[in-house]
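*Asks:* coordinates only, sequence not included:
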Ligand SMILES: [Zn+2]
C-alpha cells in the first residue's frame, strides 16, 4: 500500500494516515483565549504548544541588559565630571576614573547596537524562512510526526 500513498503528499510519511493537519490550524484550534477576574490571556493545549509559530526576536532583553550598565557608567561618569568641573584640583584624583566610566559606557553602547543589528538581521533574514516553514508544516494527528510540504 505504500506505493499508492506516494501520490498523495498530504499524508503522514511515518504511519501513512491521511489525517494530517496544518500546524497553524492545529495551533489555532488548541489556543483558547480566556479572561477572568484576575487573569486574561491565552491558554494552549500541549499539541498547540508543539505547533507554536516561531517568534521574531525582541529588543527588550538586550535593551535591559545593556541599558543598566550604560545608565550606571554614564551617571557616575557625569557625577565625576561635575565634581572635577566644580573642584578642578580633584582632576588628578578623579580624572582617570571618570575616563574609565565613560569608556565602559561607550563600549556597552556599542555592544547594544551590535546586539540590535544582530536581532534586526535575524528578523529580516532568518525569521521569515522559519515562519514560512511553519505555515507549510503539517502534523500527523495519529503519530504526531511533523512534515514540511512546500506547496
Ligand atoms: Zn503519522
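*Replies:* Done, it's in. What you are looking at is a predicted structure, and each value in this text was computed from that prediction instead of being measured.

*Asks:* okay, CA-based contacts and neighbour counts for the rest of this
*Replies:* Noted.

*Asks:* Grab the most central residue of the protein for me.
*Replies:* Closest to where the C-alpha atoms of the chain average out (CA atoms, centre = their mean) is residue 57, at 2.8 Å.

*Asks:* residues in contact with that residue?
*Replies:* 119, 122-123 (CA atoms under 8 Å, 6 or more residues apart in numbering).

*Asks:* Now go through those residues and say which are in helices.
*Replies:* Among the contacts of residue 57, the members falling in helices (DSSP state H) are residue 119.

*Asks:* Now do the SS call for the residue of the chain most remote from its centre.
*Replies:* No residue in the chain sits farther from the centre than residue 89, which is 49.7 Å out by CA atoms, centre = their mean. The three-state assignment at residue 89 reads helix, by DSSP: H, G, I helix; E, B strand; the rest coil.

*Asks:* what about it, distance to the ion?
*Replies:* 79 Å (CA to the ion, to the nearest Å).

*Asks:* Same question for residue 72.
*Replies:* Between residue 72 and the ion the computed distance is 55 Å (CA to the ion).

*Asks:* can you check residue 129 too?
*Replies:* Taking CA to the ion, one finds residue 129 at 25 Å from the ion.

*Asks:* what do you get for residue 64?
*Replies:* On the measure of CA to the ion, residue 64 and the ion end up 44 Å apart.

*Asks:* so what's that residue scoring on pLDDT?
*Replies:* pLDDT for residue 64: 96.

*Asks:* The one 5 residues further on too?
*Replies:* Per-residue pLDDT puts residue 69 at 96.

*Asks:* and if you look at residue 46?
*Replies:* So residue 46 comes in at 76 (pLDDT).
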